[in-house]
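A.B. asks: Sequence and predicted structure are below.
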Amino acid sequence: MFKDFLHENQVVELIFTDSPHPELIKRSLEMLYLRAHDKQHPVALQLTEVIWKCCTERHEAVNKAAFTVL
């Protein structure tokens, strides 16, 4: 299932940590929605911290995109 793939491969974490690009972040909303509603693999505080760090420690365009998604 796609939710399992997202969790196992840490796709959302990769989008927000490895050279985040504003367009990828903007398009990650659906993946974040799936992760947030996945009862089998609940979104951990760690994922929230990864997104927050992206919002505060990156270029302004990346920050804006991350805040928009949140």
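C.D. replies: Everything's here; your move.
A.B. asks: ok, now how distant is the residue nearest to the spatial centre of the chain from residue 34?
C.D. replies: Using CA atoms, centre = their mean, the residue of the chain that lies closest to the mean C-alpha position is residue 12, 4.0 Å off. Note on residue 12: its distance to residue 34, by CB to CB, to the nearest Å, is 9 Å. C-beta here means a position set from N, CA and C on the backbone, and glycine is covered the same way.
A.B. asks: List the residue ranges of the protein that fall below the pLDDT cut-off.
C.D. replies: Segments of the chain classed as low confidence (criterion: pLDDT under 70) are 44.
A.B. asks: Would you mind finding the longest helix in it?
C.D. replies: Longest helix of the chain, by residue count under DSSP state H: helix 45-56.
A.B. asks: which element follows it toward the C-terminus?
C.D. replies: Downstream of helix 45-56, the first helix or strand assigned by DSSP states H and E is helix 60-69.
A.B. asks: That next one: how far from the chain's middle?
C.D. replies: Its chain's C-alpha centre and that of helix 60-69 lie 11 Å apart, by CA atoms, centre = their mean, to the nearest Å.
A.B. asks: Thanks a lot, catch you later.
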